[in-house]
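# one predicted model, sequence on top.
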Amino acid sequence: MITIKEANTSALINEYIKFPFELYKNHPYWVPPLIADEKETFDKTKNPAFTSADAYFYLAYKDNKVVGRIAAIINWNEVNDQQKKKVRFGWWDVIDDIEVTKALLEKVYELGRSNNLEYVEGPMGFSNLDKVGVLTEGFDEIGSMITWYNYPYYKTHLEQLGYVKEKEYLENKFPFSNVNPETYIKAVELIKKRYQLTALNFSKNKDIMPYVDEMFDLFNKSYAELSSFVAITAVQKEYFKKKYISFINPEYIKFVMDKDHKIVAFSIVMPSFSEALQKAKGKLFPFGFYHMLKAKKESKEVLFYLIGVDPEYQSKGVTAIIFDEYYKTFTEKGIEKCIRTPELEDNIAIHNMWKNFNPTTFRRRRTYKLDL
């Protein structure tokens with residue numbers, strides 16, 4: 001018999017967070033999250049996502065043992081402002097038993113129907129800065145700190161339950177040796193001169209902080225037309241500023257400024273923390289912090305986390321300026337591999353931006369939809 005219980009106490013949230021650690025124990029490609037970060041994500045007093053969203057966390061038990069988990073989420077900005085009558089599910093992990101998946105998803109349906117919503121989509125988090133998608137290809141590749149890993153049967157469960165593909169995401173990579181500055185270096189100087197643009201680099205995190213709100217405003221503006229986009233709110237900006245900016249190497253954040261010193265393009269790159277997180281096993285102490293710090297300083301792999309360009313400049317080659325700055329930084333640091341985070345398959349503009357580097361798609365993931 002399968003029993004579903006809401007994780008609404010500290011003890012149950014701990015069970016909720018730790019279930020994947022058991023499900024993927026010693027798995028070579030699963031990257032564990034930091035337990036403290038997960039606790040903060042699910043804490044309504046700390047995560048500003050709860051100012052515009054409702055979320056409920058559920059555990060599935062069989063023979064008194066945890067066998068699955070799921071989050072049922074309503075993003076009210078999406079429902080009210082965009083008129084998308086959608087209930088989301090995320091943080092879904094389960095043993096290979098479709099009855100467990102059915103029982104968990106039923107809680108999502110209950111939330112959706114009780115709020116007169118029309119369909120369910122997932123897996124996805126609260127916003128576009130959360131993890132997204134069921135892995136459908138690339139199971140033999142190590143995951144990252146900003147993506148979910150899952151077994152192949154997750155996709156099978158959803159499709160057997162009548163879910164259909166909603167959005168497809170591609171993850172691409174290329175060796176840094178593919179980057180030939182000769183292909184864009186002449187264009188960089190022409191673009192800078194024509195549009196009166198300059199590159200802005202950083203060596204200290206504190207120097208980035210005055211620009212972060214403007215950067216998130218540009219993020220909202222540059223991604224507004226994408227079908228999956230929900231804008232980052234003011235309180236979320238403040239939260240992400242405090243939580244993440246100080247964590248990222250300052251030299252990996254690049255801005256392009258116009259003549260009035262306004263940001264027209266930005267990019268955030270992170271060192272790969274995958275192997276460090278596997279060694280940390282979810283904890284910063286006593287040794288996890290050392291592994292993370294070592295990766296921050298020494299990793300030869302980088303993830304392109306975010307890149308945004310003001311719509312006014314999106315067809316003017318501005319990204320060449322960003323790539324030129326990264327080429328200098330990566331050469332100095334001996335970077336060997338560049339990885340792109342999940343990007344919508346139908347975002348042709350972003351794929352064209354990278355085509356000169358001959359990237360290869362090494363993972364695919366998707367969200368699934370079901371009408372209620």
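That came through, no problem. Numbering: from 1, shown residues only.
# so, low pLDDT: which residues of the stretch 101-250 of the chain?
Along the stretch 101-250 of the chain, the model assigns pLDDT under 70 to residues 227-228.
# quick one: the strands in it?
119-122, 134-137, 164-175, 198-200 (DSSP state E, counting those that start in this stretch).
# what's the closest of those to Arg113?
strand 119-122 (9.9 Å; C-beta to C-beta). Every C-beta, even on glycine, is put in place using the N, C-alpha and C of the backbone.
# CA atoms only: put that closest one into CSV for me.
Extracted as CSV, the C-alpha positions of strand 119-122 are listed here (Å, rounded to 0.1, in the frame of the first residue of the first chain):
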residue,chain,number,x,y,z
TYR,A,119,-3.2,21.7,-16.9
VAL,A,120,-0.1,20.4,-15.1
GLU,A,121,3.5,20.8,-16.4
GLY,A,122,6.8,19.7,-15.0
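# same for it, what does it pack against?
Secondary-structure packing of strand 119-122 (3 or more C-beta pairs under 8 Å, 6 or more residues apart in numbering; DSSP states H and E): strand 86-94, helix 98-114, strand 360-371.
# show me where the protein has its helices.
10-23, 35-41, 76-81, 98-114, 153-160, 185-195, 205-208, 212-223, 234-244, 274-280, 288-298, 319-333, 348-354 (DSSP state H).
# could the ones you listed be laid out in a markdown table, adding distance to Tyr313?
Listed next are the helices of the chain as a markdown table, based on distance: least, C-beta to C-beta, whole Å:
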| stretch | distance to Tyr313 |
| --- | --- |
| helix 10-23 | 41 |
| helix 35-41 | 34 |
| helix 76-81 | 26 |
| helix 98-114 | 39 |
| helix 153-160 | 38 |
| helix 185-195 | 7 |
| helix 205-208 | 21 |
| helix 212-223 | 9 |
| helix 234-244 | 22 |
| helix 274-280 | 33 |
| helix 288-298 | 31 |
| helix 319-333 | 9 |
| helix 348-354 | 12 |
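# now Lys279: how far from Ile35?
14 Å (C-beta to C-beta, to the nearest Å).
# more neighbours: which of these two?
Set Lys279 next to Ile35 and count neighbours by other C-beta atoms under 10 Å: Ile35 wins out with 18 against 15.
# got a list of what the closest residue to that one other than its chain neighbours touches?
Nearest residue to Ile35, sequence neighbours excluded (C-beta to C-beta, 6 or more residues apart in numbering): Gly282, at 4.4 Å. The neighbours of Gly282, taking C-beta atoms under 8 Å, 6 or more residues apart in numbering as the test, are 18, 21, 32-35, 288.
# could you dump these into CSV and include pLDDT and distance to Ser246?
Output for these, formatted as CSV (pLDDT from 0 to 100; distance: C-beta to C-beta, whole Å):
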residue, pLDDT, distance to Ser246
Lys18, 98, 27
Phe21, 98, 27
Pro32, 97, 22
Pro33, 97, 19
Leu34, 96, 15
Ile35, 97, 20
Gly288, 93, 17
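# sorry, back to before: could you dump the helices and strands packed on strand 119-122 into CSV and include mean neighbour count and distance to Gly317?
As requested, the helices and strands packed on strand 119-122 are exported to CSV (neighbours: other C-beta atoms under 10 Å; distance: least, C-beta to C-beta, whole Å):
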stretch, mean neighbour count, distance to Gly317
strand 86-94, 24, 36
helix 98-114, 18, 44
strand 360-371, 18, 24
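# redo the ones you listed as TSV? Include distance to Ala55.
Listed next are those as TSV, based on distance: least, C-beta to C-beta, whole Å:
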stretch	distance to Ala55
strand 86-94	9
helix 98-114	9
strand 360-371	17
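# for Glu182, find the nearest of these.
Closest approach to Glu182 among the helices and strands packed on strand 119-122 (C-beta to C-beta): strand 360-371, 21.8 Å.
# follow-up on the earlier one: out of the helices of the chain, the one nearest Ala60 is which?
Judging the helices of the chain by C-beta to C-beta, what sits closest to Ala60 is helix 98-114, at 5.0 Å.
# alpha carbons only: can I get that closest one in CSV?
Extracted in CSV, the C-alpha atoms of helix 98-114 (Å, rounded to 0.1, in the frame of the first residue of the first chain):
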residue,chain,number,x,y,z
ILE,A,98,4.5,3.8,-11.7
GLU,A,99,1.9,3.4,-8.9
VAL,A,100,4.1,5.6,-6.7
THR,A,101,4.3,8.2,-9.4
LYS,A,102,0.5,8.1,-9.9
ALA,A,103,-0.1,8.6,-6.2
LEU,A,104,2.3,11.6,-6.0
LEU,A,105,1.0,13.3,-9.1
GLU,A,106,-2.6,13.0,-7.8
LYS,A,107,-1.6,15.5,-5.1
VAL,A,108,-0.5,17.9,-7.9
TYR,A,109,-3.9,17.4,-9.6
GLU,A,110,-5.8,18.1,-6.4
LEU,A,111,-4.0,21.4,-6.0
GLY,A,112,-4.6,22.4,-9.6
ARG,A,113,-8.3,21.4,-9.6
SER,A,114,-9.0,23.1,-6.3
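# between strand 360-371 and that helix, find me the angle.
60 degrees (axes from the mean of the first three to the mean of the last three C-alpha atoms, to 10 degrees).
# contacts for helix 98-114, please.
Contacts of helix 98-114 (C-beta under 8 Å, 6+ apart): 2, 4, 54, 56, 58, 60, 62, 67-70, 72, 74, 86-87, 89, 92, 94, 118-120, 122, 157-158, 160-161, 372.
# among the contacts of Gly282, which ones are buried?
Listed as buried from these are 18, 32-35, 288; burial here means 16 or more other C-beta atoms under 10 Å.
# in JSON lines: the residues you listed, plus distance to Arg113.
Output for those, formatted as JSON lines (distance: C-beta to C-beta, whole Å):
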{"residue": "Lys18", "distance to Arg113": "30"}
{"residue": "Pro32", "distance to Arg113": "34"}
{"residue": "Pro33", "distance to Arg113": "31"}
{"residue": "Leu34", "distance to Arg113": "35"}
{"residue": "Ile35", "distance to Arg113": "33"}
{"residue": "Gly288", "distance to Arg113": "42"}
